[in-house]
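*Asks:* Quick one, structure for this:
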Amino acid sequence: MFSKIAINNVKRSFKDYSIYFLTLTFAVCIFYSFNSIESQKSLLDINTSTEEYMIMLNKLIAGASIFVSFILGGLIVYANNFLIKKRKKELGIYMTLGMSKRKISRILILETFFIGLLSLVVGILLGIIVSQGLSVITAKLLSVNMNNYKFIISISSIAKSSLYFGVIFILVMIFNQVTISKYKLIDMLNAAKKNEEVKINNPIISIIMFILSLASLISAYTLIMKIGLSVDDYRFMLSIVLGIIGTILWFFSLSSFLIQIIQKNKNIYFKKLNIFVLRQINNKITTNFISMTTICLMLFLTITLLFSMFSYKNTFDKSLKGNTYFDSSAKLYVDTDVQEINDMEELLNSINFNFDSSEKYVFFNQYKLDIYLSELLNDYLTKKEIDEMKFSYSDHTIPAVKVSEYNSINKLLDKDSIDLKDNEILIVSNYDEFNKAFHKFIKNENSVVIDNNTYIIKNGSTVKDNISSVARELKFIYFIIPDNFEGKLTLEQSNVNVIYDKSNYAKSEEKFSKFYVNILENRNPDGSTALVLGNTLEQLYSLVYGSSAMVVFLGIYLGVVFLISSAAVLALQQLSEASDSISRYNSLKKIGVTEKMINKSILKQTLIYFMAPLSLAIIHSIIGMKVVNEVFATYNKNLFSNSSIIIALALTIIYGGYFYTTYISFKNIVRNSK
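*Replies:* Coordinates of the predicted model:
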C-alpha cells in the first residue's frame, strides 16, 4: 500500500515539479560526465607528457567532485524541503485520517527512493551520451587526435555517481524524517493560510539600507580595481567582505525601496496587476534575501569563472604563437661566478651527447643589453602602463642576438639571410600582439641610443620571427645587432635549436625528451653545474594545452554546477510561491481578472525574480573580469572572443531555460487550481 501511495505521489509531483527531477538528472549527468574523463585516455592519441596532465586533471576533477557533491547535496535537501512545505496540507490530511508520522515518513522514504533511482538512471544514461562529446572537447583542448575513438562507458564513474548520490538521498531520507517529526497537525492544515513576513515596513529604513548597500558595493569595486588580485593586501579581503555585505543589504532593501519609488508614479503602480506583482515580489525577495544573496554570488562566480578561464586559455594559446618553429629548443643560463661550463655546445660535448645525422641544429648566444624595455618605450607609455609592466614582470632588459648567429637560425629554417651595417640594428618580435606603444615606437622612431651610440633601425615595422620554441619567459622583442657591436654586452644564455627529420621524428622526440628530464634531475644542488631548461615541441604543447585544459574543465564543471544550482533554487522558490499564493490568484479570478492578465503578471513576477540576482551578478562579474583580465593583459588584450560568445549563449540557454520552465509550471499550477 505504501509503495502504491508513494508511486502515485511521485507521478503527481513529477507533473508540477518537473524542475526538481530535471535538476537531479542534470546533476547526475554532469557528475558522471566529468568523472569519466579518466576513461577517455584510451580514446586519445596522447604522448607521455600529455598523459601526465590527464592524470593531474583526473585528480583535480576527483577533488572537485567532493566539493560539488556537497553543493548538489545541499541543493537536493533544499529542494526537498520546498516540496515538503508545499505538501504540508496533504500530509496533515494523512494525519487526520489516522496515519502516524512513522508511516508518513515511510511514504516519503519510498518517494525519495523512487525519485533518486529514476534520476540516477536517467542522469547516467544522459551522462554517457554527454561524455562522448566531452571526449571531443578533451581532444581539442589537448590538441591531440582521436584515432582510437570508440563509444565507451565508464564503470568506475557509474559506481562513483551511484555512491555519491546514494549517500545524498539517504541523507535526504533522514532529513525528511526529522522534518516530519517536528511538524504539528495544526501547522500542516493551515500552511496555505500563512503569509510571508515582510522584513521592512518603514520607508525611511529601506532607503537608508539601500544607500548603505550602494556605498558598500562602490567601496568594494573601488578597492578591488585599485589593488587587483593582490591577495596579500588586507584591502583585498576587505573588498570581498564589503561586497558580500553590500549584496546582502541590496536584496534586504531592494524590493521595499523600489515600491517606495514606484508608488510615487500612480500610472505605473495602479496599472493592471502591477500592485499585486510588486507586493508578491516584495514579500518573496525580502523574505529570502539570504538565499538571493547566495544565488547572486554563485552566479557571479559562475560568470567570472567561465569567462576568466577562457581568457586564461587564450593567454596560454597566444604564448605559443610565433614560438613553435623548432622541434626542440634549450637554453643554458650563464653564471660565470659559479658554473664551470657556460656554453651549450661545450656542455653537450662534455656529457657525450651526440646529434644524429638526421637532426639539424644550430647554437647561438643571447646577450643582455644595458637598456630596459620601459626605458625604450618611455615616451610612448603612461606611468600606469610602466608600473603594470614592472608588476607583471614583462619589463626586462632587452635581449640581443648577433647577426651571424641570427642568420644561422634563419638558415636552419631555410630563410634568407640579412645584412647589417655597423650602425644598424634589426628589431625582431616573437609575439605580434605585445603593446600598442611598441608599434608606435617602431613607426615613429628611426634610431635607438645604446651606450651612447646611435643605431639606425633597419626595419620600418616589427619583423615577426622566431628565436626559439618556448612557452614561458617571452622577451617579446630582440635586437639583432652587428657582430662587432661596440656597446656593453652581457652573455645571458647559450642556446640550441633543433629540427628533426620526419622519417626519424619519434626517435628524436623520445631522445630529447629524456635528455631534458635527465639533465635537470642530475644537476648538482649547489649550482656548480649548469642550469639547462629545454623542451621539445610536444612537451611544449603538453605544457600549454594541458594547463589550459585543467583550468577549462574545472571552470566548466564548477560553473555549470553553480549555474544549475542557482537557477534551480530560484525555480523552486517560485513554484513554492505559486502553491502558497493559490488562494490569492483564485481571488483575482473571482473579481473578474482574466486568465491573460494573470499569466502576464506571472511572467512579470518570474522575470523580475530571476533577473534580480542575475543583474547584480553581471555587475559584479564585469568588475571581476576586468580585474582578472589585467593579469592576462600582456598576452590577451581582448576579454571577449568567440569563446565568450559561446559561453554567453550557453548561460542564456541554461538560465533562460529554467526561467521559461518555471513560468510554464507556475502558470499551470495557477490555471489548474480550484
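
*Asks:* Could you use CA atoms for every contact and neighbour count after this?
*Replies:* Will do.

*Asks:* And Tyr655, how far from Leu108?
*Replies:* Remark: distance between Tyr655 and Leu108 (CA to CA, to the nearest Å) = 30 Å.

*Asks:* between these two, which one's more packed in?
*Replies:* Leu108 (24 against 18; other CA atoms under 10 Å).

*Asks:* so which helix or strand takes in that one?
*Replies:* helix 101-142 (DSSP states H and E).

*Asks:* again, but for Lys331
*Replies:* Per DSSP H and E: strand 328-333 holds Lys331.

*Asks:* Go through the helix or strand encompassing Lys160 and flag the buried ones.
*Replies:* Secondary structure from DSSP H and E places Lys160 in helix 155-182. If you call a residue buried by 16 or more other CA atoms under 10 Å, then helix 155-182 has these buried ones: 157-158, 160-162, 164-166, 168-169, 172-173, 176-177, 180.

*Asks:* How about stretch 55-73?
*Replies:* Buried-residue list, stretch 55-73, by 16+ other CA under 10 Å: Leu57, Asn58, Ile61, Ala62, Ser65, Val68, Ser69, Leu72, Gly73.

*Asks:* burial count for the closest residue to the fourth one other than its chain neighbours?
*Replies:* Right, the one you point to is Ala62. Leaving aside its sequence neighbours, Ala62 sits nearest to Asn35 (CA to CA, 6 or more residues apart in numbering; 6.9 Å). Asn35 has 22 neighbours, counted by other CA under 10 Å.

*Asks:* what's near enough to touch Asn35?
*Replies:* Asn35 sits next to Asn58, Ile61, Ala62, Ser65, Ser157 when contact means CA atoms under 8 Å, 6 or more residues apart in numbering.

*Asks:* Out of the residues you listed, flag the one nearest to Ile211.
*Replies:* Ser65 (39.9 Å; CA to CA).

*Asks:* how far away is that closest one from Gly116?
*Replies:* In terms of CA to CA, Ser65 sits 19 Å off from Gly116.

*Asks:* Counting neighbours, what do you get for Phe353?
*Replies:* 11.

*Asks:* That one belongs to a strand?
*Replies:* No - counting by DSSP: H, G, I helix; E, B strand; the rest coil, one finds Phe353 to be coil, located in no strand.

*Asks:* Could I get the phi/psi values of it?
*Replies:* Dihedral pair for Phe353: phi -90, psi 120, per degrees, to the nearest 10.

*Asks:* can you give me the helices in the stretch 1-150 of the chain?
*Replies:* 2-16, 18-35, 48-86, 88-96, 101-142 (DSSP state H, counting those that start in this stretch).

*Asks:* And for the stretch 351-500 of the chain?
*Replies:* Under DSSP H, counting those that start in this stretch, the stretch 351-500 of the chain gives helices at 373-376, 383-391, 403-412, 436-444.

*Asks:* mean pLDDT lowest for which of those helices?
*Replies:* Lowest mean pLDDT of these: helix 383-391, a mean of 59.

*Asks:* ok, and the closest non-adjacent residue to Met625?
*Replies:* Thr304 (5.8 Å).

*Asks:* and what of Leu347?
*Replies:* Ile341 is the one closest to Leu347 (CA to CA, 6+ apart), at 6.3 Å.

*Asks:* And Lys589, by the same measure?
*Replies:* Glu595 (7.7 Å).

*Asks:* Quick check on the one you found: phi, psi?
*Replies:* Dihedral angles (degrees, to the nearest 10) for Glu595: phi -60, psi -30.

*Asks:* Throw the buried residues of stretch 55-73 into JSON lines and include pLDDT and distance to Val277, thanks.
*Replies:* Below are the buried residues of stretch 55-73 laid out as JSON lines (pLDDT from 0 to 100; distance: CA to CA, whole Å):
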{"residue": "Leu57", "pLDDT": "70", "distance to Val277": "48"}
{"residue": "Asn58", "pLDDT": "72", "distance to Val277": "48"}
{"residue": "Ile61", "pLDDT": "76", "distance to Val277": "43"}
{"residue": "Ala62", "pLDDT": "77", "distance to Val277": "45"}
{"residue": "Ser65", "pLDDT": "80", "distance to Val277": "40"}
{"residue": "Val68", "pLDDT": "79", "distance to Val277": "35"}
{"residue": "Ser69", "pLDDT": "79", "distance to Val277": "36"}
{"residue": "Leu72", "pLDDT": "77", "distance to Val277": "31"}
{"residue": "Gly73", "pLDDT": "77", "distance to Val277": "32"}
